[in-house]
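**Student:** got a sequence here, can you model it:
(2 chains)
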Amino acid sequence: MLNHFQIMLIFALAVSLAFALLSKQRAGERALYFLWAFLGFMAVAIGIGWLMYPFSR
Amino acid sequence: MAETEKTAAATKGNQPLALFAAAAGWLVPGLGHLLLGKWGKALGYFVAVASLAIVGLKLRGDVFTSGGDAFGTLGFLADLGAGVFYFLAHRIEAAGPDVSRAAGDYGTRLIATAGVLNLLCVLEAFQIGLHRDGKS
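**Tutor:** All right, here's what the predicted structure looks like:
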């Protein structure tokens, strides 16, 4: 069974891939967009996780 | 006069091809793009939508059916967007949904995301098909 981080990783990879293909036409632009979108998803999710951590106890 | 007819024809585009590509792309994610010769996009969209839908179903996410309340109807429309994965949901995960665990709740979101992403891909396939002159 997948843990929560792995589920988030799959979500970020799949959505970043689709967004990159939908919004950019050139291969280089797509790769860059994919990378930034993926890192953005991960950074925001981990950031929100850290912000919520004190309230989890 | 000829210019006006040309503009009208260009605006109308190749509607049968566009509708066929959109319908194919809805039923099997990426198939619309494949029929239009966009192999790379077709593969990318299939991988993205299939991975979200299959992981969502394996996590035992909820698959909405028609006839619920407003939120249920929205969920149904989003899930239906995943095409073949919606219709094969019970074959992919025979145990059915279980949202009593967090994983099942995440699965519900992943299935809905797969459907909405596929609808965006369908719209793009329709747009590409519309701008094909039918000669290429």
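**Student:** hmm, the longest helix along chain A in reach of chain B?
**Tutor:** In terms of residue count, the longest helix belonging to chain A (DSSP state H) is helix A:27-52. No. Figure legend: helix A:27-52 not in contact with chain B (CB under 8 Å from any CB of the partner chain); closest approach 8.7 Å. From N, CA and C alone the C-beta is placed, and that goes for glycine too.
**Student:** return the set of buried residues in that helix.
**Tutor:** A:R30, A:Y33, A:F34, A:A37, A:F38, A:F41, A:M42, A:A45 (16 or more other CB atoms under 10 Å in any protein chain shown).
**Student:** quick check: the third one touching A:A18?
**Tutor:** No. At 9.6 Å, A:F34 does not count as touching A:A18 under the criterion of CB atoms under 8 Å.
**Student:** how about the helices in chain B?
**Tutor:** Counting by DSSP H, chain B has helices at residues B:2-12, B:15-27, B:31-35, B:39-58, B:70-80, B:84-87, B:89-92, B:102-130.
**Student:** mind putting those helices in TSV, mean pLDDT, distance to A:L13 and mean neighbour count included?
**Tutor:** Listed next are the helices of chain B as TSV, based on pLDDT from 0 to 100; distance: least, CB to CB, whole Å; neighbours: other CB atoms under 10 Å in any protein chain shown:
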stretch	mean pLDDT	distance to A:L13	mean neighbour count
helix B:2-12	60	38	9
helix B:15-27	96	21	19
helix B:31-35	97	19	23
helix B:39-58	97	8	22
helix B:70-80	95	20	16
helix B:84-87	97	18	18
helix B:89-92	94	20	14
helix B:102-130	96	12	22
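**Student:** who wins for proximity to A:H4 among these?
**Tutor:** helix B:102-130 (7.1 Å; CB to CB).
**Student:** so which elements touch that closest one?
**Tutor:** helix A:4-23, helix B:15-27, helix B:31-35, helix B:39-58, helix B:70-80, helix B:84-87 (3 or more CB pairs under 8 Å, 6 or more residues apart in numbering or on different chains; DSSP states H and E).
**Student:** distance to B:V122 for those helices - can I get that in CSV?
**Tutor:** Listed next are those as CSV, based on distance: least, CB to CB, whole Å:
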stretch, distance to B:V122
helix A:4-23, 11
helix B:15-27, 5
helix B:31-35, 6
helix B:39-58, 10
helix B:70-80, 11
helix B:84-87, 13
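**Student:** nearest to B:R101, of those?
**Tutor:** Nearest to B:R101 among these is helix A:4-23 (11.2 Å), distances taken as CB to CB.
**Student:** contacts for the closest one next, please.
**Tutor:** A:2, A:30-31, A:33-35, A:37-38, A:41-42, A:45, B:40-41, B:44-45, B:47-49, B:51-52, B:55, B:59, B:102-103, B:106, B:110, B:113-114, B:117, B:120-121, B:124 (CB atoms under 8 Å, 6 or more residues apart in numbering or on different chains).
**Student:** so who does the residue in chain B positioned nearest to chain A touch?
**Tutor:** Of all residues in chain B, B:A48 sits closest to chain A, at 4.2 Å by CB to the nearest CB. By CB under 8 Å, 6+ apart, B:A48 lies in contact with A:A14, A:V15, A:L17, A:A18, A:L21, B:P29, B:L117.
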